[in-house]
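Asker: The amino acid sequence is not available; the structure is as follows:
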């Protein structure tokens, strides 16, 4: 089966979910300016380091630079984000994992937006940051993970 070009109808969602269950992984594409692509590439290396790259590729087909607010485009399995959001590559990597969790829940038929869903996705982001902090060899990355984890621990999501 071929992955649907759009994930809009019930049938397309079911087909996409079945393909993911069977092990389908996207060939992840990054579109945008050279600097954007470099920053996203660095963030994706961190996603790999933490062991979440296959999770991301299962649900997201591309990351696209936009001049607007970061969002998940569920119907296209695309993360739209701006250059500002990828300047801190650790935060960007954790954001990608959070948006991927939204897409996963969408394909599973769960309510993937709103308070409870946002809490679950933030928990996935925190889980990712802990894994990255543990697995990374970079002192800078570990420090950034610690800083972000402290920030999230002060939020209402925990």
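Answerer: Right, received. Where do you want to start? This is a predicted model, so every value here is computed, not measured.
Asker: Please count neighbours and contacts with C-alpha atoms only from this point.
Answerer: Will do.
Asker: What is the lengthiest helix in the chain packed up against?
Answerer: In terms of residue count, the longest helix belonging to the chain (DSSP state H) is helix 115-135. Secondary-structure packing of helix 115-135 (3 or more C-alpha pairs under 8 Å, 6 or more residues apart in numbering; DSSP states H and E): helix 34-50, helix 89-107, helix 139-153.
Asker: where does residue 64 land in three-state SS?
Answerer: strand (DSSP: H, G, I helix; E, B strand; the rest coil).
Asker: That one pairs with what?
Answerer: As for beta bridges, residue 64 partners with residue 31, residue 80 under DSSP bridges.
Asker: Mean pLDDT per element in this structure, and the minimum belongs to which helix or strand?
Answerer: The weakest-scoring helix or strand in the chain, judged by mean pLDDT, DSSP states H and E, is helix 115-135 (a mean of 90).
Asker: which of the helices and strands packed on helix 115-135 sits most buried?
Answerer: Ranked by mean neighbour count under mean count of other C-alpha atoms under 10 Å, the helices and strands packed on helix 115-135 are led by helix 89-107, which reaches a mean of 24.
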